[in-house]
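take a look and give me a structure for this.
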Amino acid sequence: MNGSRAVLTRPHLVLTLAALVVAAALPFTVKNFILFQLTLAMVYAIAILGLNLLTGFNGQFSLGHSAFFAIGAYTAAIMMDRLGIAYYWTLPAAGVACFGFGFLFGLPALRLEGIYLALATFALAVATPQILKSTPLEPWTGGVQGIVILKPDAPFGLPLSSDQWLYYLTLAVVIVMFAGAANLINSRSGRAIVAIRDNPIAARAMGIDISSYKSLTFGVSAFYTGVAGALGAIVIQFVAPDSFTFAFAIGLFVGLVVGGVGSIAGALFGGLFVLFVPNIAEQVSKGLAGAVYGVILILVIYLMPSGAAGLVRLVVSKFARTTARQN
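Got it, this is the predicted structure:
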């Protein structure tokens, strides 16, 4: 049993190290626009991971994570543009602010399950852009005009362009956030979170405080999405209410399903899908971009019913079994 486990972990380690080496070399081999797109894909991956912690691992269905992304983005923009605070302080601040909002929203949502919780989060996603446009908040949010922020330069005189620096910054945040999610899921608290998804009655019988874990998971999920929103604002250099519509929330949910529900690494595939596939669909046909996107999505779900992460696990497992037979 131990030998089999060691064989299974070796391909994963090799793939992870190879991916990190390729990721570190990309800024010096691709154009700035491609680098910008890859950075944005990693930003979406963090947001999808946050949604996955809530929906994939805890079983709480959400269609409103665009609201937490918006709160994180506006927290960063207001701190940088209105208060003159350095961009790197905005990431933890956005995370903490969204954790508070998510935790508070999760408390009344404890009474809701399934489609009713989805409806409540849908209302949150629809209401947030309108609230950001409201007159009382306009001095801070810029109303419909939004806020323009400056792209930061590389610190310490590093010989990197702004796009290269933001790519490496986002990559570092991705590594930290994904490692944190993996440690959380593999911990005792993580097992409790998953137990609530699988069988809440049995989890309660085992002494798990379901209400506390659900509220905390909502907060942690919002924390991840808020950090992603702050990074997105810094990378794009602009925030506006109409950037965070319900369509964006659906995009995050699509990325969750395509990447793999209940998969941490799958969020990376989801981020790439959310960013690139709509552009590919528009290049195929501008007039029928929505139809092309729908066809692509149907094909992806048909070919990879367990998501991209499930396909990768299948390939790695077959490779490991083949290697074990040869040895």
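
low-confidence ranges in the stretch 101-250 of the chain?
Counting by pLDDT under 70, not a single residue of the stretch 101-250 of the chain qualifies.

if we use 80, what do you get?
Under the criterion pLDDT under 80, the flagged ranges of the stretch 101-250 of the chain are 109-110, 114.

which stretches in it count as helices?
Taking DSSP state H, counting those that start in this stretch, the helices of the stretch 101-250 of the chain run over residues 115-133, 138-141, 162-186, 188-198, 200-205, 210-236, 246-259.

out of those, which is the most enclosed?
Among those, the stretch with the highest mean neighbour count (mean count of other C-beta atoms under 10 Å) is helix 210-236, at a mean of 26. All C-beta atoms are positioned from the backbone trio N, CA, C, and that covers glycine.

what angle sits between that one and helix 162-186?
Following axes from the mean of the first three to the mean of the last three C-alpha atoms, to 10 degrees, one obtains 170 degrees for the angle between helix 210-236 and helix 162-186.

ok, Leu63 - contacts?
Residues in contact with Leu63, defined by C-beta atoms under 8 Å, 6 or more residues apart in numbering, are Ala118, Thr121, Phe122, Ala125, Phe246, Ala249, Ile250, Phe253.

quick one: which of the helices of the stretch 101-250 of the chain is nearest Ala25?
Between Ala25 and these, the shortest gap by C-beta to C-beta is with helix 162-186, which sits at 11.4 Å.

excluding chain neighbours, give the residue nearest to Ala118 in space.
Counting by C-beta to C-beta, 6 or more residues apart in numbering, Phe61 is the residue found nearest to Ala118 once chain neighbours are left out, at 4.5 Å.

burial measure for that neighbour, as a count.
Burial of Phe61, expressed as a neighbour count using other C-beta atoms under 10 Å, amounts to 18.

now for it: which residues touch it?
Residues in contact with Phe61, defined by C-beta under 8 Å, 6+ apart, are Thr55, Gly114, Ile115, Leu117, Ala118, Thr121.

about what we covered before: may I see the helices of the stretch 101-250 of the chain arranged in TSV, with distance to Met42 as well?
Supplementary listing: the helices of the stretch 101-250 of the chain in TSV, determined by distance: least, C-beta to C-beta, whole Å:
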stretch	distance to Met42
helix 115-133	22
helix 138-141	26
helix 162-186	5
helix 188-198	23
helix 200-205	33
helix 210-236	8
helix 246-259	12
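
number of residues surrounding Leu314?
Leu314: 12 surrounding residues under other C-beta under 10 Å.
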